[in-house]
Each structure stands twice: as C-alpha cells, then as structure tokens.
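Colleague: I would like the atomic coordinates for the input below:
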Amino acid sequence: MTRGAMLGLLLILPALAVEPGRLGPPLRTDGDDRAIPRPKEQPASELYAIVYNSWFRHLSPETAALASRDKGALNRNAWDEVPDSSWFTNRMGERSLSFDEILSGLQGAPPQAGVWLAERNVGEGYTPKFRVRDEGGRQYWVKFDLPSAPERNSAAERISTLILYAAGYNVPFNAITRFRREDLQRDKDSLYEDALGKRRTMTPDDLEAAFLKLKPPADGRYRGLASLVLPDALGKFKYDGTRGDDPNDIIPHQFRRELRGLRVIASWINHADTGDKNTVDIFVPPDGDRGFVKHYLLDFGSTLGSGDYTNGPYRVGHEYLFDGSAMAKTFFSLGAWRRPWEAQGKIRYAEVGYFDAALFDPEKWKPNYPNLAFERMDEGDGYWGAKIVTAFTDDTINKLAEAGEYSRPEVTQYVAGVLKERRDIIGRYWMDKVSPLEEFTLAGDRLSFRDLALERGYAGVDGRKYESWVEDMSGRKGSAPQPCASRTCQVPVSGEANSPLDRYGRMPLVRVMIRANRRAGGWGAPVEVVLGREGRGSEVKVLGWRHAPR
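Modeller: Below is the predicted model of the structure:
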C-alpha cells in the first residue's frame, strides 16, 4: 500500500469502524461483480514481500496507527458471516459438506487421455513444470514430485485444493494425473523458460533433460499434478491495501475477514506459503472489454509438510524465515537455546514430510513471512475460521486423504489422523476462547441458540453454562449477568419505539450479550445479539449478532 493510500485509509477508518451495536448489512452477497473496464496486469515481487514484511513493515508509523484503529473486519454481515463475493463463496461452516458435494462442486476436469503438447517448459523449481494442451484444447500446468519424495507434493496439492474449495475460496481445478512419456510431445511453438525468466525455443533435448530429473515409473506411467490454467490473469493480489484500478475493490484486504480468518484454515493444513506470489486475479468474462475481477488462491503443493524450504522442514509453521524473536533467543543464549521442533520434529513418511499435531499450536502458528491480513486477525475472525475447519467431519477427512492417492494405506491413514487431530486442536482452542453460539431466534422473551462446541464435541453438556446481560445501543450495561437455562436466555423485548431507522430500514433497540463458560474456568468472549424491529411498528426480532465484539 502506498503512503498516500495508507493515510487516506486512516482518515476513513473511523467512519468504517464497527461501533457497539452497529450491525453489519443484512446482505448474503457483496455485489462486487459490477462491470468495469479491464484493469492492467499487476506485478508482485516475492523478494520484496519477504524483506519488507519481515524487516520494515513493523517500523512504519502508518502501520502502527492503522493497527490502533482496527475495530474488526469490515466486510462481515449482520449474521457475522462473509457475504458471497468475488473473493469467497460460503460453503462449509455452520453446516458440513459431504465429500461428494465438495468433489462435484469444484469446476473443471483432468486432461483428456491421448497426446499432450508441451507448450512451455519452466526450469524454475526443484522439479520440472510444463504447460501442456490436451486433445480437447484445454491448457494445464503439469508439476511433478521429487524423486526422493514420491507422491508428496501432488497429493498435498490435490487434498488442499479440495479443502480450500470447500472452505469457500476460489481455487483452480487441480487433479492427480498419470501419463506415459510418449504421451507428452513438443509443440512446434513451444518455449523453454529458465530460472531467471528468460525464454527461448524449446528443443528436444530440453524435454528429455526434464524427464531425467524424474524417477522412472515402475509401471511406465509418470505421476503428476495437472492444474487447469486460469484464463485472462491480471497478476497477483496482495494481502493488504486495495487494487487501485478496480472500483469494486473498496475494502482494504487486511480488513477482509476471509483473508484474516484464512490464517486458521492455513494453520490446519500447514499452508505456510500464503503470500502474494500464490494468488492470482482473473478477469471475468475472459477476453472481454468489461467485466469484473475474481480473486484466486494458487499453489498448494507445499502444504501438509511438503515444502522444501530454507531452514526446513521442521521450521515450517513454527517460525518465519527470518524470525527476530527466535534469532534473538539464539543470539543471547550463545546458541544454547534449542527450538522444540529441532528436538521433537520427525518425518514419519517420505510421502508426507513434516506434518504432525504434537507441536501444533493454533495461536502461535506462523506462515513463512509476516502477512498483514493474518496479523490483523482478531478473535472474531479466528472463530470464523475455526467454524469452517471444524465443519469437516471424520468421514469427509478420510475421503480427502484418499484423494491424495497414496500407494501405501498407512500413509493415507496417517494424513487423515493428523488432519483430525489438528482440526480438534483448533476447535478446542477457538471454541473455548470465543463463545461458539449461532442461529439466534426470539420467541416471546426467550432467546434461543445453537452451541457449536456442544454439537462438535468440544464441550460437554455437564457443566456447560451460559449467562447474559443487556446493554443499550451505546454500550451502557442495563443489567447484571444472569444465568440462562440450557440454550435459552430470558431477555427484555421493549425499546424506544421512536428510535431511528438505519439505512436498511432496521430499528436496533437493545444489545443482549451472551457468553459460555470455558473449560478451565471463566468465560469465553461474548456474542453481541441485537434485537429490534424491521421498520416501524413491526414485532421485535433478532436483527443480527457478532462474536467477540471489540
């Protein structure tokens, strides 16, 4: 974000900030798909992002001022969810999706069997990568596993693609594919691209050299990951600021809940490579003069312990690439301090890499380098992400692990087991920290709700308690906390009949604060439930709610 844009945002934040009792809009869709002129391609530098976010961003006074005025995500709706938009579509969350629903929902198809033409050979990376065209004319990026780690990256990318799609994000169609050497032929106009991005005509020797880097398959078929090429790419999106040439992009990205809460989902699958470089904006419809920008996440081959990183693999998820705190501990202890993961980290299967639950801490998990949207995540965003993660059932997770097509059943079972353990660690942490109450309904003076911690096994019925109190719309407490009977609280339903209507025709009257007890004692962060009328003279009802209000 430029200095001018940052200062402008500082001026408008007070107007956007969510005040006590201020409801989000009653919208299920965002409406950010209005037709605009085609934007230009937006470049992104991974090196700049790593250096700036690791060493310089925290020194910026504008960043500090922005953090001090952050009152929460700006795109939550009245029901504390994210409206469907060009960024996100609600799928998994308060309800669960079956594996079949996930599989049928992801749009695309694997390459057709037959001859594939290699249009480009990219030399960057530790395994070859080809852009190919199948006999149906569709283009794919085909990537391969390391010879020393068969199935690792391709399985991770397939599993995590399905997970992130189910979670609600836009992702490309990625599928495990197999083909014989003679099925891949050089196109007459094919190009070779080296690690510096320089291109030249691809030669037959280039194609053969690429296959020499791969392990010869026992059955004669090479295994890879085919990723359907997204059309009309406009470059990367960033996890902060807005895109200046997109009039629909009005909420700074670090204030979008789906990017803040992504930290929880990324921690589950250990997606530490969540940076600008692994995103893309595309123009819809492709090749049109007017349309809208749609935002995608890309490249999940380093999830589930599959990344080949500097200072890895055990560092991944525990420290940044350049972690000042850890570096200071090492320096001042003269190297005597040992990181827990150095002593306890263990790779159990070459097909998986370092992916376990023993040292997983959802509060302390870190990506490869600081991500401003992740750093801005608050309790409400964290709970939102946990609600999605814990909606994945055991059966769905078992089938997701099978989608990795591991040769050994014990590897499939291991991946499924770790995913379940990490899911439950996330559930126990976030659904204890924040009162996990949903779907509030009012009948007379009785306010009822669901308790996701009870439904998903993160709290027991015995000893489960709730209490509520009432505040006016300015945040002044009107009653002392009172215990609730089971999952129903008695609340007042009166209010000033002449209160002003908001821009959506709602008349907020009173705030009911409800919280659930924590396992170790005390109370979780409350849920703010706003009661009022939809228009003058209508009955009092639930207008909306917000978890862990700030």
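
Colleague: please count neighbours and contacts with C-alpha atoms only from this point.
Modeller: OK.

Colleague: which non-adjacent residue is nearest the one residue sitting closest to the centre of the chain?
Modeller: Central residue of the chain (C-alpha atoms, centre = their mean): Leu262, 2.7 Å from the mean position. Setting aside the residues directly before and after it, Leu262 is nearest to Gly385 in space (C-alpha to C-alpha, 6 or more residues apart in numbering), at 6.4 Å.

Colleague: the one you found should be in a strand, yeah?
Modeller: No: using DSSP: H, G, I helix; E, B strand; the rest coil, the assignment for Gly385 is helix, not a strand.

Colleague: got the confidence number for it?
Modeller: Looking at Gly385, its pLDDT stands at 98.

Colleague: neighbours of it, how many?
Modeller: 26 (other C-alpha atoms under 10 Å).

Colleague: low-confidence bits of this structure, can you list those?
Modeller: 1-21, 63, 123-126, 308-312, 494-497 (pLDDT under 70).

Colleague: the helices in the stretch 1-150 of the chain, which residues?
Modeller: Using DSSP state H, counting those that start in this stretch, the helices of the stretch 1-150 of the chain run over 3-16, 46-51, 61-68, 99-105.

Colleague: mind listing what's buried along the second one?
Modeller: Residues of helix 46-51 classed as buried: 49-50 (neighbour count, 16 or more other C-alpha atoms under 10 Å).

Colleague: how far does it sit from its chain's centre?
Modeller: Remark: helix 46-51 is offset 21 Å from the chain centroid, using C-alpha atoms, centre = their mean, to the nearest Å.

Colleague: ok, and what's touching that helix?
Modeller: With C-alpha atoms under 8 Å, 6 or more residues apart in numbering as the contact definition, helix 46-51 has outside contacts at 275-277, 369-370.

Colleague: please apply the same query to stretch 65-83.
Modeller: For stretch 65-83, contacts defined as C-alpha under 8 Å, 6+ apart pick out 10, 13-14, 16-18, 23-30, 88-90, 251, 255-258, 260, 376, 378, 380-381, 384, 543-547, 550.

Colleague: equivalent analysis for stretch 100-115, please.
Modeller: By C-alpha under 8 Å, 6+ apart, stretch 100-115 touches 134-136, 138, 140, 162, 165-166, 173-177, 182-185, 226, 228.

Colleague: partners of Glu193 in the sheet?
Modeller: Per DSSP bridges, the residues bridged to Glu193 are Val122, Arg199.

Colleague: tell me how many other residues crowd it.
Modeller: Glu193: 16 neighbours (other C-alpha under 10 Å).

Colleague: returning to that earlier point: shouldn't the residue nearest to the centre of the chain be in contact with Leu372?
Modeller: No: counting by C-alpha atoms under 8 Å, Leu262 sits too far from Leu372 to count as a contact (11.8 Å).

Colleague: got the domain boundaries for the chain?
Modeller: 27-100+238-292+302-432, 104-228, 435-547 (automatic domain parsing).

Colleague: assign a three-state SS to the closest residue to Gly93 other than its chain neighbours, would you?
Modeller: Counting by C-alpha to C-alpha, 6+ apart, Ile388 is the residue found nearest to Gly93 once chain neighbours are left out, at 4.2 Å. Assigned by three-state DSSP, the conformation of Ile388 is helix.

Colleague: please name the residues that touch Ile388.
Modeller: Residues near Ile388 by C-alpha under 8 Å, 6+ apart: 92-94, 167, 265.

Colleague: quote the end-to-end distance of stretch 113-132.
Modeller: One end of stretch 113-132 to the other measures 12 Å (C-alpha to C-alpha, to the nearest Å).

Colleague: and that stretch, which residues are buried?
Modeller: Counting neighbours by 16+ other C-alpha under 10 Å, one finds that the buried residues in stretch 113-132 are 115-123, 127-132.

Colleague: again, but for stretch 330-347
Modeller: For stretch 330-347, a neighbour-count test (16+ other C-alpha under 10 Å) marks 339, 341, 345 as buried.

Colleague: just the CA trace of that stretch, in PDB.
Modeller: Only the C-alpha atoms of stretch 330-347 are listed here, as PDB (Å, rounded to 0.1, in the frame of the first residue of the first chain):
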ATOM      1  CA  THR A 330      19.700 -18.000  19.800                       C
ATOM      2  CA  PHE A 331      22.000 -15.000  20.000                       C
ATOM      3  CA  PHE A 332      21.600 -14.200  23.700                       C
ATOM      4  CA  SER A 333      21.900 -17.800  24.700                       C
ATOM      5  CA  LEU A 334      25.100 -18.100  22.600                       C
ATOM      6  CA  GLY A 335      23.400 -20.900  20.600                       C
ATOM      7  CA  ALA A 336      22.400 -23.000  23.700                       C
ATOM      8  CA  TRP A 337      18.700 -22.500  23.200                       C
ATOM      9  CA  ARG A 338      17.100 -25.300  21.200                       C
ATOM     10  CA  ARG A 339      13.900 -25.000  19.400                       C
ATOM     11  CA  PRO A 340      11.300 -27.600  20.500                       C
ATOM     12  CA  TRP A 341      10.800 -28.700  16.900                       C
ATOM     13  CA  GLU A 342      14.500 -29.300  16.400                       C
ATOM     14  CA  ALA A 343      14.400 -31.900  19.200                       C
ATOM     15  CA  GLN A 344      11.000 -33.400  18.600                       C
ATOM     16  CA  GLY A 345      10.300 -32.900  14.900                       C
ATOM     17  CA  LYS A 346      10.100 -36.100  12.900                       C
ATOM     18  CA  ILE A 347       9.200 -37.100   9.300                       C
END
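
Colleague: contacts for that stretch?
Modeller: If you take C-alpha under 8 Å, 6+ apart as the criterion, stretch 330-347 is touched by 314-315, 318, 329, 353-355, 359.

Colleague: could I get those as CSV with distance to Val434, secondary structure and neighbour count?
Modeller: Putting the contacts of stretch 330-347 into CSV (distance: C-alpha to C-alpha, whole Å; DSSP: H, G, I helix; E, B strand; the rest coil; neighbours: other C-alpha atoms under 10 Å) gives the following:
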residue, distance to Val434, secondary structure, neighbour count
Tyr314, 30, coil, 22
Arg315, 29, coil, 20
His318, 24, coil, 22
Lys329, 32, helix, 15
Gly353, 33, coil, 22
Tyr354, 30, coil, 22
Phe355, 27, coil, 28
Leu359, 22, coil, 15
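
Colleague: state which helix of the protein is the longest.
Modeller: If you go by DSSP state H, the chain has its longest helix at helix 409-433.

Colleague: roughly how far does Pro526 sit from Asp432?
Modeller: Here Pro526 is placed at a distance of 11 Å from Asp432 (C-alpha to C-alpha).

Colleague: actually Asp378, not the one I typed
Modeller: Using C-alpha to C-alpha, Asp378 is found at 15 Å from Asp432.

Colleague: about what we covered before: tabulate the buried residues of stretch 330-347 (CSV), appending secondary structure.
Modeller: As requested, those are exported to CSV (three-state DSSP):
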residue, secondary structure
Arg339, coil
Trp341, helix
Gly345, coil
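
Colleague: return the closest of those residues with respect to Phe99.
Modeller: Distances from Phe99 to the buried residues of stretch 330-347, taken as C-alpha to C-alpha, are shortest for Gly345 (31.1 Å).
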